[in-house]
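no sequence for this one, just the structure:
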């Protein structure tokens, strides 16, 4: 049984409003996606990496991978019209490449470059034990429900809420079967693998503790936070 990272980089990043996709923007003279790939490159239990890449950027990604010695990058797959389709394309690509049904697939956002080695390790361990592993953190904020984004009459108790992150880890056969079942049920744009499983009611999902540092870069503000996080260290007096 092998452990594969499937990095989702098929989006164009329109919300960022920049001239290049956000995953290829540079922080500290290195593309964000390469910072992400480095984390999986360094982990001893990751056997290989596949990337679902935005069409037209494959050569750029391979050039960066060569430059930064990402030799675990084995496959590139074509991105889809949305995240769900991109993930499916990557899963089918892994299957077609000869990956086994019981191999573990860690599905991770290309724009979460501060993923820790501990979170990767925990995803592998929890998925091996239970069959599913979803990275998440408990919600600390008060939550309101709003129909229009400007007003609210409903408060949602936060005690049972989990903010999910990636990686989200599955056996290849299980997550592929879920995507095929979703297609049969006309579920075409679920926002994440965990929501897809939940919408189908397939299985209990086990939570791996995530981190506030495992930030997803979606806006310019996120980019500024990422830069700050990359240049801070824990104070010596903190326990």
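In hand now; what should we look at? None of the values given here were measured: they were computed from a predicted structure.

any low-confidence regions in the chain?
13 (pLDDT under 70).

for it, which strand is longest?
With secondary structure taken from DSSP state E, the chain has its longest strand at strand 162-171.

Quick check: buried residues in that strand?
Buried residues in strand 162-171, counted by 16 or more other C-beta atoms under 10 Å: 162, 164, 165, 166, 167, 168, 169, 170, 171. Every C-beta, even on glycine, is put in place using the N, C-alpha and C of the backbone.

residues touching the third one, list them.
Think residue 165. 112, 135, 136, 137, 210, 211, 214, 216 (C-beta atoms under 8 Å, 6 or more residues apart in numbering).

what do you get for the fifth one?
For residue 167, the contacting residues are 5, 106, 107, 108, 115, 119, 120, 123, 133, 135, by C-beta under 8 Å, 6+ apart.

Then residue 120?
39, 40, 43, 45, 46, 106, 167.

What separation do you get for the fourth one and residue 159?
Applying C-beta to C-beta, to the nearest Å, the value for residue 45 to residue 159 is 34 Å.

Okay, strands next: where are they in this structure?
Counting by DSSP E, the segments of the chain that form strands are 3-9, 48-53, 73-78, 104-109, 132-138, 143-145, 154-156, 162-171, 207-209.

Just send those back as CSV, with distance to residue 25 too.
Output for these, formatted as CSV (distance: least, C-beta to C-beta, whole Å):
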stretch, distance to residue 25
strand 3-9, 12
strand 48-53, 15
strand 73-78, 19
strand 104-109, 14
strand 132-138, 23
strand 143-145, 31
strand 154-156, 34
strand 162-171, 19
strand 207-209, 28
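
Out of those, which is closest to residue 65?
strand 73-78 (4.7 Å; C-beta to C-beta).

Show me what the most centrally placed residue in the chain is bridged to.
Centrality entry for the chain: nearest residue to the mean C-alpha point is residue 108, 2.2 Å, by C-alpha atoms, centre = their mean. Residue 108 has the following beta-bridge partners by DSSP bridges: residue 7.

Thanks a lot, catch you later.
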